[in-house]
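below: sequence and its predicted model.
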Amino acid sequence: MIPFRIGHGYDIHRIVDGRPMVLGGVTFDVAYGLDGHSDADALTHAICDALLGAAGLPDIGHFFPNDDPAYKGIDSQKLLTRVASELRQRGWEIGNIDASLIAEKPKIAPVLAEMKQNLATSAGISIEQLGLKATTNEGAGSLGRAEAIAAHAVALIHRPEAPAR
């Protein structure tokens with residue numbers, strides 16, 4: 001058996017008025033947010049899917065269905081904590097996560113460190129195990145017109161080393 005695996009996650013949510021904007025566990029002080037059943041944190045959802053995919057498990061919607069009232073408005077950091085726990089129960093440890101957030105608005109740079117800390121804490125890893133970048137779509141397409149926010153993530157998971165004899 002291969003001692004490590006890699007997964008990729010992607011998520012996108014439309015921007016709508018009147019919802020909280022939550023990304024990487026940070027709530028922004030803006031009058032718009034992302035449309036979705038949970039808090040619609042596209043960044044955290046992409047990370048969850050990368051971890052689940054690396055373990056060969058179904059996607060985030062399988063574990064947290066968008067028609068289940070239990071997940072209505074739920075903090076996605078709780079979902080990430082549960083995903084990380086699910087992997088550990090199956091004998092996997094998180095090696096590292098690397099994620100990119102694609103958003104024209106709001107400004108991400110001022111809270112990037114806070115987002116990184118939230119995500120690392122929720123995943124149960126050190127901040128050094130998490131790479132996080134933010135970029136724009138340079139005005140192109142629905143992302144560039146600020147109609148949506150998307151995120152990509154990759155994750156490396158591994159089996160813990162057997163103790164030395």
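Sure, I can see it. Numbering: from 1, shown residues only.

give me the number of residues near Val16?
If you count neighbours by other C-beta atoms under 10 Å, Val16 ends up with 15. To be clear about C-beta, it is placed using only N, CA and C from the backbone, and glycine gets the same treatment.

how many residues are close by the closest residue to Ala50 other than its chain neighbours?
Using C-beta to C-beta, 6 or more residues apart in numbering and skipping the chain neighbours, the partner closest in space to Ala50 is Gly9 (3.5 Å). When neighbours are counted by other C-beta under 10 Å, Gly9 registers 25.

with just CA atoms, put the one helix or strand Gly131 maps to into CSV.
Assigned by DSSP states H and E, Gly131 falls within strand 130-135. C-alpha atoms of strand 130-135 as CSV (Å, rounded to 0.1, in the frame of the first residue of the first chain):
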residue,chain,number,x,y,z
LEU,A,130,-0.7,25.0,5.5
GLY,A,131,0.0,27.1,2.5
LEU,A,132,-2.6,29.8,1.6
LYS,A,133,-2.7,32.3,-1.2
ALA,A,134,-5.3,34.7,-2.5
THR,A,135,-5.6,36.0,-6.0
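
report the buried residues of it.
Under the neighbour-count criterion of 16 or more other C-beta atoms under 10 Å, strand 130-135 has Leu130, Leu132, Ala134 buried.

that older thread, the residue nearest to Ala50 should be in a strand, yeah?
Yes: under DSSP: H, G, I helix; E, B strand; the rest coil, Gly9 sits within a strand.

in this protein, which spans are helices?
42-54, 60-63, 76-89, 112-123, 141-144 (DSSP state H).

identify whichever of those lies nearest to Ala99.
The minimum distance between Ala99 and the helices of the chain falls on helix 42-54, with 5.6 Å, by C-beta to C-beta.
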